[in-house]
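Undergrad: compute the structure for the input listed below.
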Amino acid sequence: MSAPTVRRGQIAFTDLDAVVRSQPGRGLPKDWDIAMDDKASRRSKTQEYKQRKETGGVCVIRNTRNGRYLLQAGREISRMENRFNFSKQTGSCVHLKVKMDWEEFGPEAFEFEMLEQIEKKDSQTPAQFQADLDALLRLYAEQSDPALSY
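TA: Numbers count the residues shown, from 1 in each chain. Alright, predicted model coming up:
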């Protein structure tokens, strides 16, 4: 890599892209060049991702101190749980509706519970799957105390 040249107080760099291309792996993680060069591997991983089964469901975020809860339905229930766990670890609020209680009681006062999971059928469109999730959410909302809902 050639050194930058200085002109009138400004730094003019050489074509860094050409330098990086001529020196594979320079400044990048060691595995990255291998992974990026293997197009067949990337294609197969992309196909695996597209072919995975979509699992949605209904979950509740519950405040254990005052009993209030937030019912949610989503097409990727594991993502919802990961988002909750990340918010709890970082102390950032998981949802705007619970923000006041989150700040008052802290993240340790909240828990995540999966109420029900359903798997998307191959014959279902995303809209049909979402309609099933919404119906399931309404069913759980009817069974719960609306006075304690966020």
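Undergrad: surely Thr64 and Phe112 touch.
TA: No - with contact defined as Cβ atoms under 8 Å, Thr64 does not count as touching Phe112 (11.3 Å). Glycine gets a C-beta too; all of them are placed from N, C-alpha and C.
Undergrad: more neighbours: those two, which one.
TA: Shown here are Thr64 and Phe112; by other Cβ atoms under 10 Å, Phe112 has more neighbours (18 against 11).
Undergrad: host element of that one?
TA: Under the criterion DSSP states H and E, the helix or strand holding Phe112 is strand 110-119.
Undergrad: okay, angle between the following helix or strand past that strand and strand 110-119 too, please.
TA: Along the chain past strand 110-119, the next helix or strand (assigned with DSSP H and E) turns out to be helix 126-143. In this structure, helix 126-143 runs at an angle of 130 degrees to strand 110-119, with axes from the mean of the first three to the mean of the last three Cα atoms, to 10 degrees as the basis.
Undergrad: how about helix 126-143 as CSV, C-alpha atoms only?
TA: The C-alpha trace of helix 126-143 is given here as CSV (Å, rounded to 0.1, in the frame of the first residue of the first chain):
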residue,chain,number,x,y,z
PRO,A,126,-48.3,-14.0,4.0
ALA,A,127,-51.7,-12.1,4.3
GLN,A,128,-53.6,-15.3,5.2
PHE,A,129,-50.9,-16.2,7.8
GLN,A,130,-51.1,-12.8,9.3
ALA,A,131,-54.9,-13.0,9.4
ASP,A,132,-54.6,-16.3,11.4
LEU,A,133,-52.2,-14.6,13.8
ASP,A,134,-54.6,-11.6,14.2
ALA,A,135,-57.5,-14.0,15.0
LEU,A,136,-55.3,-15.8,17.5
LEU,A,137,-54.4,-12.5,19.1
ARG,A,138,-58.1,-11.5,19.4
LEU,A,139,-58.8,-14.8,21.0
TYR,A,140,-56.2,-14.2,23.7
ALA,A,141,-57.2,-10.6,24.1
GLU,A,142,-60.8,-11.8,24.9
GLN,A,143,-59.5,-14.2,27.6
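Undergrad: chain center to it: distance?
TA: Distance, stretch centre to chain centre, for helix 126-143: 21 Å (Cα atoms, centre = their mean, to the nearest Å).
Undergrad: name the residues that touch stretch 130-143?
TA: Among residues not part of stretch 130-143, those counted as contacts by Cβ atoms under 8 Å, 6 or more residues apart in numbering are 56-58, 60, 71-75, 115-116, 118, 124, 149.
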